[in-house]
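In: I need the structure of the sequence given here:
(4 chains)
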2 protein chains.
Amino acid sequence: MSSPCSRHPHPHRLIQQPLTELTDKLRSKSRKITAPRQAILEVLRRHRHPITNKEIHAALGTADCDLATVYRNLHTLEDMGMVRRFDFGDGVARFELLEEGDDGHHHHLVCTGCSAVVEVEGCFPTELEQALARRHGFTRVTHKLEFFGLCPKCAPAAPAAP
Amino acid sequence: MSSPCSRHPHPHRLIQQPLTELTDKLRSKSRKITAPRQAILEVLRRHRHPITNKEIHAALGTADCDLATVYRNLHTLEDMGMVRRFDFGDGVARFELLEEGDDGHHHHLVCTGCSAVVEVEGCFPTELEQALARRHGFTRVTHKLEFFGLCPKCAPAAPAAP
DNA sequence: CCTTGGATGCAATCGATTTGCATCCATAAA
DNA sequence: TTTATGGATGCAAATCGATTGCATCCAAGG
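Out: Model prediction:
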């Protein structure tokens, strides 16, 4: 694992549940299995890194649907706990399909040059999180954490730095 | 417990440098000392937690200026390293005035109910960041980390929990 | 086949932020 | 002090991601 800029599958996201399993979950909550929805799920299944609504929309191909439908569906899927929303700080929401039983809590290392994404395993600040909660009397504390830097391919092109 | 990082000259942001020091810094980079700019700096000096462009604009009072001017000034101040931008994940940028010599790197615990903000004194271990950088060949790696939860006041009003 | 509530397309709208442009003025030079 | 000038500002229009109202459509259960 030493090519962060190229697309490489990550252990956590190698195996995806079959589409039927996904549609079953939808059915179980009285959500309809429509063509756009299936197509969106297929796109999500094919991507191992968070993708934006626009990217999903662009990847629909033949099964094209309205962009608003993509937005609405990702809200629905998020509410149902089937996808997780990530924020890379650029003002655009990104989503990842979740495995059954996975809460999707993990972080990324994002190249500020080419937007390449590496998944980071392990969730470090959990202890700090609980200490914080205790100290300030907060409950239900979570966190958002993402790493940013320059990948090997983009490093040479970078400006002077400390 | 994780080792807190050591680059926090003013942990609680109680003391702020005088306005003259700020204007001197502007002058030194051939930026003009205008009324709007001074007023914006005054507002920032009076706040110890990240505030939005709108909040700054609203707090200007007599020294009112165009909202676009606030936006432009905060870009300028950010570029000059005089303020630091924070992202609480709600799609609105927030800023904090930086002390001399402080890079402003710290994190917050934000109440999702009332938006109360607590500064977090502990920082994510830098070594882990560097290990990540090494493992994936990234350079200049940084991170964004914010905590979210319910403060004591908002906890009672919260819905059922896991 | 029929009913029905969720789903979709389309267009309008929203909120945050940016930008084009004419004008203004803080600052340094003359 | 006067002048020249490039940065700064006001105002309005434009972007951009995302949301929403509404009429229509259709998947799913009778």
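In: from now on I want contacts and neighbour counts done on CA atoms only, so please keep to that.
Out: Fine.
In: residues contacting A:P36?
Out: With contact set as Cα atoms under 8 Å, 6 or more residues apart in numbering or on different chains, A:P36 has these partners: A:63-65, A:69-70.
In: stretch A:119-126: how far from the chain's middle?
Out: Centroid separation between stretch A:119-126 and its chain, computed with Cα atoms, centre = their mean, to the nearest Å, is 15 Å.
In: sorry, that was for stretch A:136-143
Out: That offset, for stretch A:136-143, works out to 23 Å (Cα atoms, centre = their mean).
In: what is the mean pLDDT for that stretch?
Out: Averaged across stretch A:136-143, pLDDT comes to 95.
In: hmm, it in reach of chain B?
Out: Yes. Shown here: stretch A:136-143 in contact with chain B (Cα under 8 Å from any Cα of the partner chain) through A:136-143.
In: what residues of the lowest-mean-pLDDT helix or strand in chain A count as buried?
Out: Lowest on mean pLDDT, DSSP states H and E among the helices and strands of chain A sits helix A:19-28, with a mean of 79. Going by neighbour count (16 or more other Cα atoms under 10 Å in any protein chain shown), the buried part of helix A:19-28 is A:22-23, A:26.
In: one more: stretch A:49-64?
Out: A:49-54, A:56-57, A:59-60, A:64.
In: again, but for stretch A:96-103
Out: Neighbour count says stretch A:96-103 has A:96-99 buried, by 16+ other Cα under 10 Å.
In: which one of these is nearest to A:L150?
Out: Nearest to A:L150 among those, counting by Cα to Cα, is A:E96 at 22.6 Å.
In: for chain A, what spans make up the strands?
Out: Applying DSSP state E to chain A gives strands spanning A:51-52, A:83-87, A:93-97, A:107-111, A:117-120, A:139-150.
In: ok so, going back, show me which of the residues of stretch A:136-143 next to chain B is closest to A:L109.
Out: Closest to A:L109, out of all of those and judged by Cα to Cα, is A:H143, at 15.8 Å.
In: ok so, going back, ok, the least confident helix or strand of chain A near DNA strand C or not?
Out: No. Residues of helix A:19-28 are not located near DNA strand C by Cα under 7 Å from any atom of the strand, the shortest gap being 7.8 Å.
In: using CSV, write out every CA atom in that helix.
Out: Below are the C-alpha coordinates for helix A:19-28, written out as CSV (Å, rounded to 0.1, in the frame of the first residue of the first chain):
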residue,chain,number,x,y,z
LEU,A,19,-27.9,-5.0,-4.3
THR,A,20,-30.8,-7.2,-3.2
GLU,A,21,-29.7,-6.8,0.4
LEU,A,22,-29.9,-3.1,0.0
THR,A,23,-33.3,-3.1,-1.7
ASP,A,24,-34.6,-5.4,1.1
LYS,A,25,-33.6,-2.9,3.6
LEU,A,26,-35.5,-0.2,1.7
ARG,A,27,-38.5,-2.3,1.4
SER,A,28,-38.5,-3.1,5.1
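In: mean confidence for stretch A:36-56?
Out: Stretch A:36-56 carries an average pLDDT of 96.
In: by neighbour count, which of the residues of stretch A:136-143 next to chain B wins?
Out: When these are compared by neighbour count (other Cα atoms under 10 Å in any protein chain shown), A:F138 ends up highest, at 22 neighbours.
In: DNA strand C contacts on chain A?
Out: For chain A, the contact set with DNA strand C under Cα under 7 Å from any atom of the strand comprises A:30-32, A:34-37, A:64-69, A:72-73.
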